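Peer 1: With the sequence up front, the predicted model follows.
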Amino acid sequence: MSNSNKRPGLSRLLKIKDILNRRLTIAICGIRFRFRKRLGLLGRMQAGSGFVLNGIPWVRNYGKIIIGDGFVCNSGKKQNPIGGDTVLRLAVYENAIVRIGNQVGISNSTLVCKESITIGDKVLIGGGCKIWDTNFHSLDFESRTSSKDTNVKSAPIVIEDGAFVGGSSLIMKGVTIGRHSIVAAGSVVTKDIPPNEIWGGNPAKFIRKLEN
């Protein structure tokens, strides 16, 4: 038998192995996640049904996290083949709130919330994205270099239903990404994107409209 005839069988075995490993990972991660949630280790968190965990997200929650049905989380160096970051991080400060809608998928990205981040239904966020609703530090030199570092600006982020944020993009404070719009991979979004448009670049600029 030639090598070419053997390869399809090997390919099928590898696919079966991958499927079994993935299902085992989802089951184990789900158990660990629910256990941590019951112990209160995830802070104030509400999660809908059909939660799929491909790996364990890193969560530091001093505010509130609300997650809808059918959320898919890819968190881990083996969970996303495109590279970039290696874990999904959710960092929520005191009195801040993160809302994630139904049928949302996020891969190995970081959400840092000091005020509010709202993600609508059926949003996809690619690997290595960073969504920050804060500047982290003051723009004033004296404040920034002091121990208090006051006057740090924050503003809500909204990603509307059906939007797609390409891998390694950076979404800055105060931005709204409109319904069904697409952010090209590697973009830095510093201002609002209207619905049904493609934007890309650093800083992100309008590329073209999408057909309805």
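Peer 2: In hand now; what should we look at?
Peer 1: helix/strand/coil for Ser11?
Peer 2: Using DSSP: H, G, I helix; E, B strand; the rest coil, the structure places Ser11 in helix.
Peer 1: so how many other residues sit close to it?
Peer 2: 10 (other C-beta atoms under 10 Å). To be clear about C-beta, it is placed using only N, CA and C from the backbone, and glycine gets the same treatment.
Peer 1: Identify the residues contacting it.
Peer 2: Residues near Ser11 by C-beta atoms under 8 Å, 6 or more residues apart in numbering: none.
Peer 1: Give me the distance between it and Ile82.
Peer 2: Going from Ser11 to Ile82 by C-beta to C-beta, to the nearest Å gives 21 Å.
Peer 1: And for Thr134?
Peer 2: With C-beta to C-beta as the criterion, Thr134 and Ile82 are 26 Å apart.
Peer 1: Next: Glu94.
Peer 2: In terms of C-beta to C-beta, Glu94 sits 34 Å off from Ile82.
Peer 1: thinking Val183 is in contact with Gly200, fair?
Peer 2: Yes: taking contacts as C-beta atoms under 8 Å, Val183 lies within contact range of Gly200: 6.9 Å.
Peer 1: Helix, strand, or coil at Ile198?
Peer 2: strand.
Peer 1: which residues sit in contact with it?
Peer 2: 181-182, 184, 206-210.
Peer 1: neighbours around Asp69, how many?
Peer 2: Asp69 has 14 nearby residues by other C-beta under 10 Å.
Peer 1: ok, now Val189?
Peer 2: Val189, neighbours per other C-beta under 10 Å, totals 25.
Peer 1: how about it, what does it touch?
Peer 2: So Val189 contacts 169-172, 175, 177, 183, 199, 203-204 (C-beta under 8 Å, 6+ apart).
Peer 1: how long is stretch 81-100 end to end?
Peer 2: 24 Å (C-alpha to C-alpha, to the nearest Å).
Peer 1: ok, residues contacting that stretch?
Peer 2: Applying C-beta under 8 Å, 6+ apart, the contact partners of stretch 81-100 are 43, 55, 57-68, 71, 73-77, 106-119, 126-128, 133, 167-168.
Peer 1: can you do 6 Å?
Peer 2: 57-67, 73, 75, 77, 106, 108, 110-119, 127-128, 167-168 (C-beta atoms under 6 Å, 6 or more residues apart in numbering).
Peer 1: related to what we said a few turns ago, Glu94 and Ile82: which is more packed in?
Peer 2: Ile82 (13 against 8).
Peer 1: And the more buried one, how close does it get to Val72?
Peer 2: Taken as C-beta to C-beta, the span from Ile82 to Val72 is 15 Å.
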